[in-house]
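> sequence plus the predicted model coming up.
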Amino acid sequence: MSVFSSSVPSAVSPSAIVARLRAAGCVFAEDEAELLVSTARTPAELAAMVERRAAGEPLQHVLGWAEFCGLRVVVEPGVFVPRPRTEFLIGQAAALAPGLPGPPVILDLCCGSGAAGAALAAGLEPGLEGVELHAVDVDPAAVRCARRNLAALPLRPGGTLTSRVYQGDLYDPLPASLLGRVDLAIASPPYVPSGSIVLLPSEARLHEPLMALDGGGDGLDVVRRVIAGAPRWLAPGGHLLVETSKGQAGATAEAVARAGLAVRVASSDELDATAVIGTRP
């Protein structure tokens, strides 16, 4: 239902919103204005949302949700916004699922809002029958979002999904019962070198948690820890998929090989996405 009526101030008319966003530097002002109008419940709320966006807050934080792999996921202010490039990682993981011996046990590390794990589970065929999904993040706000998103994950008729979200550092909070049982471990860890954080768009630098962006000196501090810990948790034939950049793919692949996993690199020029995939023998 539209929030507009004959009594709505001209400041929140569609044309005024587009002009305000365009003046603030929003490249897709028309599209963003449409989303804001469709989300706001009152003219006052719409006006406040427009000002938040014009001030540089990420659109997804203003809306309260992001679209990812066809799902609408909750994204609270201060939580990392899932990127379209990560959809490539999910596609690579989903393509491996048919080769598994049974319903997969999925582990989503550095899960943020839980979008990646939710999208992977939701996209599996034949649905969520018997799937286990475990997600981990160190940030309490991210864990809160992930719990909401996994609880709201739509089930297909007859599907079953067991999911749990843990707060803690990578593998630390996981139960010992998961050791050697994970079929698909996915991770979109921070991989921006510390010195390059200043080059990121202000939306990310000012409104997303630094811990979700800063990967240390060469960007691979957390990536290496993800890889080093994976072999203990992967099932025989299980896969680890790590998102990284094209320039970091070589060093990431070397770390995967050193961990004793068979390694390959997959990339998409269209999405500017790179995934390093390790498989436990």
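Noted; the coordinates are in hand.
> could you check the distance from Val73 over to Ala93?
As defined by C-beta to C-beta, to the nearest Å, Val73 lies at a distance of 17 Å from Ala93. Just so you know, the C-beta spots here come from the backbone N, C-alpha and C atoms, and that holds for glycine as well.
> okay, now the unreliable bits of the protein?
1-11, 125-129, 154-159 (pLDDT under 70).
> all helices for it, in order.
14-23, 29-39, 43-54, 59-63, 86-96, 115-123, 140-151, 202-207, 221-233, 249-258 (DSSP state H).
> hey, which of those helices is tucked in deepest?
helix 115-123 (a mean of 26; mean count of other C-beta atoms under 10 Å).
> with just CA atoms, put that one into PDB.
What follows is helix 115-123, C-alpha atoms only, in PDB (Å, rounded to 0.1, in the frame of the first residue of the first chain):
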ATOM      1  CA  ALA A 115      22.400 -14.900   4.600                       C
ATOM      2  CA  ALA A 116      24.900 -17.300   3.000                       C
ATOM      3  CA  GLY A 117      24.000 -20.300   5.100                       C
ATOM      4  CA  ALA A 118      20.300 -19.600   4.700                       C
ATOM      5  CA  ALA A 119      20.600 -19.300   1.000                       C
ATOM      6  CA  LEU A 120      22.600 -22.500   0.600                       C
ATOM      7  CA  ALA A 121      20.100 -24.500   2.700                       C
ATOM      8  CA  ALA A 122      17.100 -23.000   0.900                       C
ATOM      9  CA  GLY A 123      18.500 -23.700  -2.500                       C
END
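> distance from it to the middle of the chain?
Put simply, helix 115-123 sits 10 Å off its chain's centre (C-alpha atoms, centre = their mean, to the nearest Å).
> can you name every helix or strand that that helix contacts?
Identification of packing neighbours for helix 115-123 by 3 or more C-beta pairs under 8 Å, 6 or more residues apart in numbering; DSSP states H and E yields strand 65-68, strand 71-74, helix 86-96, strand 105-109, strand 131-137, helix 140-151, strand 161-167, strand 182-187.
> make it 6 Å
Applying 3 or more C-beta pairs under 6 Å, 6 or more residues apart in numbering; DSSP states H and E, we find helix 115-123 packed against helix 86-96, strand 105-109, strand 131-137.
> can you tell me what sits against that helix?
Applying C-beta atoms under 6 Å, 6 or more residues apart in numbering, the contact partners of helix 115-123 are 68-69, 71, 73, 82, 86, 90, 93-94, 106, 108, 111, 128, 131, 133, 135, 149-150, 153, 186.
> same deal with stretch 92-102?
Pro104, Leu120, Gly123, Leu124, Asp183, Leu184, Ile186, His239, Leu241, Ala266, Ala275.
> and the fourth one, how many neighbours?
Other residues within reach of Leu124, judged by other C-beta atoms under 10 Å, total 22.
> any figure for the gap between it and Leu100?
10 Å.
> now the last one
Shown here: Ala275 relative to Leu100, a distance of 18 Å by C-beta to C-beta.
> more neighbours, the two?
Each of Ala275 and Leu100 has its neighbours counted (other C-beta under 10 Å); Ala275 has more, 26 against 16.
> tell me, how many residues neighbour Ala24?
14.
> list phi and psi for it.
When read as degrees, to the nearest 10, the backbone of Ala24 gives phi -80, psi 0.
> show me the contacts for it.
By C-beta under 6 Å, 6+ apart, the contact set of Ala24 is Ala54.
> kindly report the same for Leu71.
Ala119.
> what would the contacts of stretch 92-102 look like in TSV with distance to Leu220?
Output for the contacts of stretch 92-102, formatted as TSV (distance: C-beta to C-beta, whole Å):
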residue	distance to Leu220
Pro104	27
Leu120	23
Gly123	28
Leu124	30
Asp183	25
Leu184	22
Ile186	17
His239	20
Leu241	16
Ala266	18
Ala275	15
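> wait, which of the residues you listed is closest to Ser194?
Of all the contacts of stretch 92-102, Ser194 sits closest to Ala275, with 22.9 Å by C-beta to C-beta.
> what's opposite the closest one in the beta bridge?
Beta-bridge partners recorded for Ala275 (DSSP bridges): Glu243, Ala266.
> check whether it really touches Ala266, as I assumed.
Yes. Look at Ala275 against Ala266 with C-beta atoms under 6 Å: they come within range, at 4.9 Å.
> can you show me the CA trace of stretch 30-43 as PDB?
What follows is stretch 30-43, C-alpha atoms only, in PDB (Å, rounded to 0.1, in the frame of the first residue of the first chain):
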ATOM      1  CA  GLU A  30      15.000   5.900  -8.800                       C
ATOM      2  CA  ASP A  31      15.300   2.300  -7.800                       C
ATOM      3  CA  GLU A  32      16.200   3.200  -4.200                       C
ATOM      4  CA  ALA A  33      13.300   5.600  -4.000                       C
ATOM      5  CA  GLU A  34      10.900   2.900  -5.100                       C
ATOM      6  CA  LEU A  35      12.200   0.500  -2.400                       C
ATOM      7  CA  LEU A  36      12.000   3.200   0.300                       C
ATOM      8  CA  VAL A  37       8.400   4.100  -0.700                       C
ATOM      9  CA  SER A  38       7.300   0.400  -0.700                       C
ATOM     10  CA  THR A  39       8.900  -0.300   2.700                       C
ATOM     11  CA  ALA A  40       7.900   2.800   4.700                       C
ATOM     12  CA  ARG A  41       4.600   2.600   6.600                       C
ATOM     13  CA  THR A  42       3.900   6.300   7.000                       C
ATOM     14  CA  PRO A  43       5.000   9.500   5.400                       C
END
